[in-house]
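Chemist: Provided below are the primary sequence and the corresponding predicted coordinates.
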Amino acid sequence: MAARTISPLIGAGALLGFTLLAVAAGRGAPATPEPEATPVAALAFRAEDEADGGIALREAGSARLVERIRPGADGFVRGTLRGLAQARQREGLGPEEPFRLLRYADGSLALRDDATGRRVALDAFGRTNVAAFARLLDTETR
């Protein structure tokens, strides 16, 4: 009777041990980055804080105003850009390198910061938040 109770426990212990070993081995393996698709639309821009609390989004090459974010408005755009800017500050980087907003053939959007190597897949945050950034590309094509 005791042998029947111990056999499943040994099997469960062996499975747990194998799982832990597989996870440990996987963590040591280098991740192979997926090749990034070519964007069908892109906007390189800088975000400039304004005295009244607004943010001016300016095209990197021409300094043309793409959009002005009013104080207290567009919380998702404001928060996302603030997070990227803070990452730059932590790494001792300035605002010289523009942010890049990218649209891919499948309609997905990403915000990329080449200065830090960070990339935000905007689609993960829902339609409303994607639309907040998509309008910047739509403004660019007008």
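Modeler: Perfect, thanks for sending it.
Chemist: do you know how far Ala121 is from Arg70?
Modeler: Noted for Ala121: a distance of 26 Å to Arg70, by CB to CB, to the nearest Å. C-betas here are computed from N, CA, C, even on glycine.
Chemist: In the strand ranked longest in the chain, which residues are buried?
Modeler: Assignment by DSSP state E gives strand 41-49 as the longest strand of the chain. Of the residues in strand 41-49, 43, 45-47 count as buried by neighbour count, 16 or more other CB atoms under 10 Å.
Chemist: so which pair among those is furthest apart in space?
Modeler: Pairwise distances among the buried residues of strand 41-49 were taken by CB to CB; the largest, 11.9 Å, belongs to Leu43 and Ala47.
Chemist: how long is stretch 63-81 end to end?
Modeler: End-to-end distance for stretch 63-81, by CA to CA, to the nearest Å: 18 Å.
Chemist: Ok, stretch 55-74 next?
Modeler: 10 Å.
Chemist: Mark out where each domain of the chain begins and ends.
Modeler: If you go by automatic domain parsing, the domain ranges for the chain are 1-32, 41-140.
Chemist: ranking these by mean pLDDT, which is last?
Modeler: Among the domains of the chain, domain 1-32 has the lowest mean pLDDT, at a mean of 57.
Chemist: need the contact list for the residue nearest the centre of the chain.
Modeler: Geometric centre of the chain, nearest residue: Val120, 1.1 Å, by CA atoms, centre = their mean. Contacts for Val120 (CB atoms under 8 Å, 6 or more residues apart in numbering) come out as 80, 84, 110-112.
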